[in-house]
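Peer 1: The following comprises the amino acid sequence and a computationally predicted model.
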Amino acid sequence: RWCGKTDKTNLFPKHIGKHTSKGGVVAPMRVPSVVLLLLAACAAGAWVREATLGVQARASLPAVPSQPTLFEISTRPWLYELSLKYGHSITRIRDIPVKELQYFADQGVHYLWFMGMWHLGEYGLNHDRTDPSLLAQYAKVLPDYTTADIIGSPFAATNYTLNPELGSGDADIQWLADTVHSLGMRLILDFIPNHSACDSPWIDNNLDYYVRAPKNLSPPYDTAKYLPNGVAFGNCPGSSPWTDTAQLNYYNPALRSLMQKQLLHIATLVDGVRCDMAYIDLNDLFWETWSEQLSSWGWTSPSTEFWGDAIKAVKAQNSEFIFIAEVYGDKMTTLQSLGFDFTYDKELLDRLKSYNLDYIRSWISGNAVSFVRHSTHFVENHDEDRAASVFGSWQKADAAALLSLTLPGMRFSFMDQWNGYHNKLDVHLRRSASESAVPQVQSMYAALNKVLNNETFNEGDWTYSSVGACADNTQWRLMGWRYNRNGAKRLVVVDFSDTEGCGTVQLPDAQAVDGVDTVTVTELLTGAKYQRSANDMRSAGLTVVVPPWSAQIFEYP
């Protein structure tokens with residue numbers, strides 16, 4: 001009985017006292033040694049048994065394609081949405097109706113990222129409810145917000161245990177993983193390497209886990225940069241301090257070991273992690289940000305990168321566990337070389353915002369295919385404004401999505417993106433300003449998801465295709481690429497401009513069917529069918545006419 005109800009041991013350092021939910025401390029009591037031994041044996045057995053079951057469940061799943069779909073759910077806001085939808089409180093992950101998860105499986109999602117599952121502290125919540133700049137931000141995106149709407153940043157975690165608002169420890173995370181697995185998907189959670197909450201138990205355990213004010217400084221410290229104990233607020237090159245977080249010290253081998261243990265534990269529960277601001281803990285960037293503080297305490301650069309060591313250790317335990325890096329600037333290739341399965345492609349989004357077609361084209365066609373296949377393409381997420389807002393209309397946002405999500409690599413969508421929402425969901429809030437879904441956007445994503453949920457897109461070889469001229473010389477408005485998987489072929493042509501474009505795309509792999517040169521070419525988003533000569537498609541090319549802010553996806557033999 002004890003084994004069946006035993007929670008697995010938390011990997012974080014513990015205080016000697018045991019805190020109650022009301023803030024008191026339970027006095028230690030005497031327990032017979034034999035009982036302690038039995039409890040320890042049961043706890044160890046439960047840990048091993050549940051970890052083994054998790055591995056077995058993963059082993060029974062179909063293989064994840066090399067070019068998968070990722071969907072991000074902002075966990076607590078989504079549960080709030082579900083509460084409104086069903087008319088009763090849904091606050092814990094075990095209360096999620098399975099049909100809500102089934103929807104994502106039906107849309108061809110391979111990975112569900114439940115963002116914001118870890119334990120938060122009172123410090124961060126109080127910060128987010130009192131910081132003047134944040135309050136002004138809330139008023140802008142949600143004019144009628146209340147204090148109850150401010151739920152605290154999910155990136156100021158005290159430790160890697162489940163937020164008690166969402167459930168009861170690892171067992172509930174395992175339930176969610178098992179449920180997601182039963183639907184043929186896999187589960188992603190956050191890993192927040194750079195910082196912890198300011199009230200993390202690690203601070204009490206060992207200040208050297210953290211970057212500290214230069215040794216020659218005496219308190220009181222600059223309150224814009226440091227906590228009263230001298231621990232630095234989280235930060236990165238070119239940023240202002242993140243005053244709800246405490247900066248971890250990646251030049252300290254003990255801290256690296258501690259963080260690797262967190263990853264190894266997470267890897268017993270779920271199928272991957274999205275690593276927040278992964279690039280800023282690379283040795284060179286870390287020194288760029290913290291050289292003054294590190295040198296004053298005698299810290300020197302490690303001989304290896306944390307990510308290379310940690311990813312190797314985790315994949316030795318669970319080879320199918322994936323790492324997704326949030327990264328900006330020029331560190332994408334570096335992180336891929338260290339073992340990240342996928343890295344953010346924010347550069348593509350920024351180029352789309354420019355509307356400069358040659359600038360967009362050069363990024364898509366100028367990178368190695370291997371780099372593109374290990375990139376994560378998106379038009380919005382919890383950090384970015386809604387695509388409909390960024391691009392000014394749902395039509396332009398849809399065109400950006402059609403371009404981004406038909407590229408090879410990881411195809412990444414965010415909660416309510418498929419509804420065409422315009423209003424930003426601030427990461428500190430449980431809701432965004434109310435609005436109605438856009439039926440045209442819902443229809444577009446339903447059609448696109450059906451097209452992408454196919455082995456040709458999931459595993460096919462990708463080739464960038466030049467677009468030749470039509471009589472009206474509007475081919476410059478078009479971009480195209482092809483997929484081929486064991487003879488199954490697709491052609492994507494996108495018009496990311498305000499005017500119709502006409503062009504020709506040579507299809508050197510087009511073939512006659514049963515000796516007949518006239519073949520059927522199907523446009524998959526609409527179902528329209530055309531009769532075309534395979535020989536002409538190989539030589540002169542397939543002529544395409546694409547309306548503004550749209551795309552066509554063709555299946556051809």
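Peer 2: Everything's here; your move.

Peer 1: Lowest mean pLDDT among the helices and strands of the chain, which one is it?
Peer 2: When each helix and strand of the chain is scored by mean pLDDT, DSSP states H and E, helix 2-5 comes last, with a mean of 28.

Peer 1: and residue 70, which of the three is it?
Peer 2: strand (DSSP: H, G, I helix; E, B strand; the rest coil).

Peer 1: What about it, how many residues nearby?
Peer 2: Counted with other C-beta atoms under 10 Å, the neighbours of residue 70 add up to 25. Quick note: C-beta positions are derived from backbone N, CA and C, even for glycine.

Peer 1: Tell me the bridge partners for it.
Peer 2: residue 111, residue 412 (DSSP bridges).

Peer 1: Show me the strands in the stretch 1-150 of the chain, by range?
Peer 2: Ranges of strands within the stretch 1-150 of the chain are 18-19, 25-26, 69-74, 111-115, 118-120, based on DSSP state E, counting those that start in this stretch.

Peer 1: what sits up against stretch 426-439?
Peer 2: 74, 76-77, 80-81, 116, 128, 134, 137-138, 141-145, 148-155, 382-383, 388, 394, 416, 419-425 (C-beta atoms under 8 Å, 6 or more residues apart in numbering).

Peer 1: burial count for residue 161?
Peer 2: 20.

Peer 1: so it touches residue 119, yeah?
Peer 2: Yes. Between residue 161 and residue 119 there is a contact at 4.9 Å, judged by C-beta atoms under 8 Å.

Peer 1: related to what we said a few turns ago, please pick the buried ones from the contacts of stretch 426-439.
Peer 2: The neighbour count (16 or more other C-beta atoms under 10 Å) marks 74, 76-77, 80-81, 116, 128, 134, 138, 141-142, 145, 149-155, 382, 388, 394, 416, 419-425 as buried among these.

Peer 1: Which ones among these lie within helices?
Peer 2: Judged by DSSP state H, the buried ones among the contacts of stretch 426-439 include 76-77, 80-81, 128, 134, 138, 141, 388, 394 as members of helices.

Peer 1: Name the residues of the host helix or strand of residue 260 that are buried.
Peer 2: Using DSSP states H and E, residue 260 sits in helix 253-266. For helix 253-266, the neighbour count (16+ other C-beta under 10 Å) marks 255-256, 258-260, 262-266 as buried.

Peer 1: from those residues, which is closest to residue 70?
Peer 2: Distance to residue 70, by C-beta to C-beta, is smallest for residue 266 among the buried residues of helix 253-266, at 16.9 Å.

Peer 1: what kind of secondary structure is residue 159 in?
Peer 2: On the basis of three-state DSSP, residue 159 is classed as strand.

Peer 1: surely it meets residue 120?
Peer 2: No. Between residue 159 and residue 120 there is no contact, the gap being 9.6 Å when judged by C-beta under 8 Å.

Peer 1: of the two, who's got more company?
Peer 2: When residue 159 and residue 120 are compared on other C-beta under 10 Å, the one with more neighbours turns out to be residue 120, at 25 against 19.

Peer 1: ok, what's across the strand from that one?
Peer 2: The partner residues for residue 120, given DSSP bridges, come to residue 157.

Peer 1: if I pick it, what's in contact with it?
Peer 2: Here residue 120 is in contact with 152-154, 156-158, 163, 197 (criterion: C-beta under 8 Å, 6+ apart).

Peer 1: Strands of the stretch 251-400 of the chain, residue ranges please.
Peer 2: For the stretch 251-400 of the chain, the strands defined by DSSP E, counting those that start in this stretch occupy 272-275, 322-325, 342-344, 375-377.
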